[in-house]
Each structure stands twice: as C-alpha cells, then as structure tokens.
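[1] 3D, please:
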Amino acid sequence: MMQSQPFLSTPVSLLIGRLLLAAGFVFLLAVPALLSLRGIQLTTEFLTLLLLALMWNLLAGYADIVTVGQHAFVGIGAYAFFGFLVLAGLDPFVSIALAGCVALAFGLPVMAIIFRLRAGYLAVGSWVVAETLMLSAGKLSAFGGGSGKSLPVPAVKSFGASTAGRYETVYWLALLLAALGFALTFWLMRSRIGVGLTAMRDSEEGAGAIGVNVFRTRILCFLWTTPFLGLAGAIITMQKLRVSPPASFSIIDWTAYVIFIAVIGGIGSFEGPIIGTIVFFFLRESLADLGVWQFIILGAVSIAVILVEPKGLWGLIRRYLPGDLIPVGHRPRPTPDR
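    Purely as a prediction, here's the structure:
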C-alpha cells in the first residue's frame, strides 16, 4: 500500500519558492521607482544586514567560527572609507573598494590572534579584539575622536548632488554588494571547498577523516568575509553620513542583530539569512514604539524558534519541501547497474 505524500512535498513547491525569490529580486531592482525615500533607506538597511547575516552564517554555520566581533570589520571599513574619501580626497567608489582591502588586511593579524582560541574562548576573544579596535578609533583625532565626525558637504555631494540622488546611489551600491556577496559565496559553496564546508557543518570530525583540511578551510572562510564586511561598513557610512566609534563599531547593530537574524532564519543554510532578515525587519518596524520591550520580544521570539526548531524557520519550512530553494549542496551521481 502506497503512503500519501505530505502537503508541499512535490517539486512544484520548490518551483513556487524559487519564483518567489526571483520576484523578490525583481522587486529590489524596482525599489527606487516604487518606494519613497524612507522606503529606499529601509531597503538599503535590509540589504546591508542581509549581507552581514550571510557572512556570519558562513562562519558560524559552516566553518564553526562563532565570532561575536564581526562589527570590528564593519567599523574598520567605515573608518577606512572616511579616511580615503575625506582625508585623502579620493574618488568615493575607489574609497569603497579600498575600504574592503583595508578590512582584509586587518583580518590577517586578527585571525592570527583569535584562531589560537576555540569555541567560547574564540567568541570572547573576537569581541575583545573588536572592542579594542573601537577604543582605538576613539583616539583618532582626525576622525573626530570619541564623538566621531560627519562627512563634509563636498564629500556627500560626490555621490549625489541631491538627497534623492544620494539615496539611490547608496541603494544601488548596497544591492550590488549584496548580489555580489550572494553570487560569489554561492560559487564558493558549489566548489570543492564548499563540499568540505558542508561536511564540516554536518560533522567536523567526519570532515577531517575524509581529508578536509579543517584549519585551512577556516582561514579561507574568515578572510573571505572580511572584505565584504569592510565594504558594508563603507555603505553604512555613506548612508549615515558620519563615523563614530559607538555607531561604526556597534555590537548591537552589526553583530547582535545579525546573530538574531541567522538564528531565527536558520544557521547553515542560504535561505536562513533571507528569511531571518525579513522577519527581523517586520518585527523591528512593528515594535518600534515599544522601547525596551522591543528587545525583550525579539529575545523571546528567538528562544521560541530555537525550542521549536533548532535549525530556525528554514528548518521548519524544510520539513515540507523536497529540497533547498538555493541548491548549494551536491547530490551523488547515480551509478549504472552492473
């Protein structure tokens, strides 16, 4: 007797899900024409947090690098962009690219420090390094010291003569960066390195037993994320029009919220950061008037999701789907019968 298939267990459900993803991307392309300046600003923040969540998910979900200091590289990118644009007088687009390079350069010594640690010690160590960098930024008088400094008017007008033009420029840069981050990370996960990362996600000991160089793969993942974080810091500075240690190196905005997004969305998946970012922005905008209760409710939601499904909302949805919407994994090739 054949068992009936559960609801949404046919490939049609995957087709619908992928069509929704495609429709979402088309909507992002039309945002400047459809939304107000406030809507463009919110969507820019959405894209920035989505990229940060993707990078943290790659580290924690696949490479088992649970860092609590991701905001360090966001701040480094923000200050590097300010320095190249305002102090050195370079082109804004060149300054953005150089901000990513500076973040990558800082990633080497930071990695040498925190990779001597493991598990909870690595998390605490990454946080200490980030806080040290934030305090160091507060000593830079050229950047306004502890109170920070705003971008001068000529620098602001270099990426948009009008407010609407500036908002659109920053939005397109954020969309380009998010799309590039997803495309390149997808390519990484589809490569031989990605096979090793998937094996590490499922079982670190098993991955090592089949020949995956776990340490080298962790190094690659860590250095892979740093330029994207630095570029995100530059985009954030273009949007906020200033740098300051508490804002540019904000552990709440660029690490705590990002961890919340990855956890409720689903760690160790490509769909998780997308779902988590959507849910986070919905909750944030809905609870904006509740003050401190906003953080209490966000914490309660994350605990509830973990208790119901440790793999997050995507893990819950995945129970009813025959495959992933974004297929980063590899299926074994069928062998002919002998």
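[2] CA only for contacts and neighbour counts going forward, please
    Noted.
[3] L231 versus the residue nearest to the spatial centre of the chain, what's the distance?
    In the chain, the C-alpha nearest the mean C-alpha coordinate belongs to L52, at 1.7 Å (C-alpha atoms, centre = their mean). L52 sits at a distance of 10 Å from L231 (criterion: C-alpha to C-alpha, to the nearest Å).
[4] now the strands for the stretch 201-338 of the chain?
    Remark: strands assigned in the stretch 201-338 of the chain by DSSP state E, counting those that start in this stretch are 242-243.
[5] any weak-confidence spans in it?
    Low-confidence segments of the stretch 201-338 of the chain (pLDDT under 70): 329-338.
[6] at 50 instead, please
    Across the stretch 201-338 of the chain, the ranges flagged by pLDDT under 50 are 338.
[7] in the stretch 1-150 of the chain, which spans are helices?
    11-34, 37-57, 71-82, 92-114, 119-137 (DSSP state H, counting those that start in this stretch).
[8] which of the residues in the first one are buried?
    Residues of helix 11-34 classed as buried by neighbour count (16 or more other C-alpha atoms under 10 Å): S13, L14, G17, L21, L28, V31, P32.
[9] on that earlier part again, of all the helices of the stretch 1-150 of the chain, which lies closest to P154?
    helix 92-114 (11.1 Å; C-alpha to C-alpha).
[10] for the closest one, name the packing helices and strands.
    helix 71-82, helix 119-137, helix 214-240 (3 or more C-alpha pairs under 8 Å, 6 or more residues apart in numbering; DSSP states H and E).
[11] most neighbours per residue, which of those helices?
    helix 71-82 (a mean of 31; mean count of other C-alpha atoms under 10 Å).
[12] how far is that one from where the chain is centred?
    Here helix 71-82 is found 15 Å from its chain centre; the criterion is C-alpha atoms, centre = their mean, to the nearest Å.
[13] C-alpha coordinates for it, CSV please?
    What follows is helix 71-82 as a C-alpha-only set of coordinates in CSV (Å, rounded to 0.1, in the frame of the first residue of the first chain):
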residue,chain,number,x,y,z
HIS,A,71,31.4,44.5,14.0
ALA,A,72,35.2,45.1,14.1
PHE,A,73,35.5,44.8,10.3
VAL,A,74,32.4,46.9,9.7
GLY,A,75,33.9,49.7,11.7
ILE,A,76,37.3,49.3,10.0
GLY,A,77,35.6,49.6,6.6
ALA,A,78,33.7,52.6,7.8
TYR,A,79,36.8,54.5,9.1
ALA,A,80,38.9,53.4,6.1
PHE,A,81,36.3,54.8,3.7
PHE,A,82,36.1,58.1,5.6
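[14] so which helix or strand takes in Y167?
    Assigned by DSSP states H and E, Y167 falls within helix 163-190.
[15] on that earlier part again, ok, so of the buried residues of helix 11-34, who is nearest I261?
    L21 (18.0 Å).
[16] the stretch 201-338 of the chain: helices as residue ranges?
    Using DSSP H, counting those that start in this stretch, helices in the stretch 201-338 of the chain cover 204-209, 214-240, 245-248, 251, 257-265, 271-286, 293-308, 312-318.
[17] and those helices as JSON lines, adding distance to F182?
    Converted to JSON lines, these look like this (distance: least, C-alpha to C-alpha, whole Å):
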{"stretch": "helix 204-209", "distance to F182": "24"}
{"stretch": "helix 214-240", "distance to F182": "11"}
{"stretch": "helix 245-248", "distance to F182": "23"}
{"stretch": "helix 251", "distance to F182": "23"}
{"stretch": "helix 257-265", "distance to F182": "15"}
{"stretch": "helix 271-286", "distance to F182": "11"}
{"stretch": "helix 293-308", "distance to F182": "24"}
{"stretch": "helix 312-318", "distance to F182": "17"}
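[18] figure out which of those is closest to F93.
    helix 214-240 (9.8 Å).
[19] same for that closest one, what does it pack against?
    Taking 3+ C-alpha pairs under 8 Å, 6+ apart as the contact cut, helix 214-240 packs with helix 37-57, helix 71-82, helix 92-114, helix 163-190, helix 192-202, helix 204-209.
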